[in-house]
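Q: turn this into a model:
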Amino acid sequence: MGKVVVKKAVVRKQGYMYFADGSGNVVEMKRGTKSKKIVAKNAFTPKPGFLYCVDGEGNVLENARGKGKKKAAKAAAKKSGRKVAKKAAKKPAKKVVKKRK
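A: Reported below is the predicted structural model:
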């Protein structure tokens, strides 16, 4: 769960999905179709580095975008001055040849 940005942005209807787009609109989409309809125009102001979603009550939530583990590991290694270990490549299995008698 994230921080509530807008309370009761939409009244949810049965059979519809709701999501927040990158422009700050709340969009309604009937399940099983691709037709979209803007329900709340400019409901919120999006900030970079955050994802927005609509919960079951119609509130718009703000969540911090996840950060990659590789970048964090590289940054920590660079800071401490050591190298990041790479994963070892898997070797193919050896074929067993049976000797005939």
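
Q: please, where are all the helices along this protein?
A: 69-80 (DSSP state H).

Q: what about the strands in it?
A: 3-6, 16-20, 26-30, 36-40, 50-54, 60-64 (DSSP state E).

Q: ok, residues contacting the fifth one?
A: When you say that, I think you mean strand 50-54. Around strand 50-54, the neighbours that count as contacts under CB atoms under 8 Å, 6 or more residues apart in numbering are 2, 5, 9-10, 18-20, 26, 44, 46, 60-65. Yep, even glycine has a C-beta here, placed from its N, CA and C like the rest.

Q: which of these lies closest to residue 91?
A: residue 65 (37.2 Å; CB to CB).

Q: quick check: the closest one touching residue 49?
A: Yes. Counting by CB atoms under 8 Å, residue 65 does reach residue 49; the two are 5.4 Å apart.

Q: got the phi and psi for residue 55?
A: With angles defined as degrees, to the nearest 10, residue 55 sits at phi -90, psi -180.

Q: that one and residue 89: what is the separation?
A: 44 Å (CB to CB, to the nearest Å).

Q: the more surrounded of these two?
A: residue 55 (14 against 6; other CB atoms under 10 Å).

Q: contacts only, for that one.
A: Residues in contact with residue 55 (CB under 8 Å, 6+ apart) are 1, 61.

Q: picking that back up, which one of the contacts of strand 50-54 has the most neighbours?
A: When these are compared by neighbour count (other CB under 10 Å), residue 60 ends up highest, at 25 neighbours.

Q: bridging residues for it?
A: Under the criterion DSSP bridges, residue 60 forms beta bridges with residue 6, residue 54.

Q: surely it and residue 26 touch.
A: Yes. With contact defined as CB under 8 Å, residue 60 reaches residue 26; the gap is 6.5 Å.

Q: list residues touching both of the two?
A: 9, 20, 43, 54.

Q: name the helix or strand of this structure that has the lowest mean pLDDT.
A: helix 69-80 (a mean of 67; mean pLDDT, DSSP states H and E).
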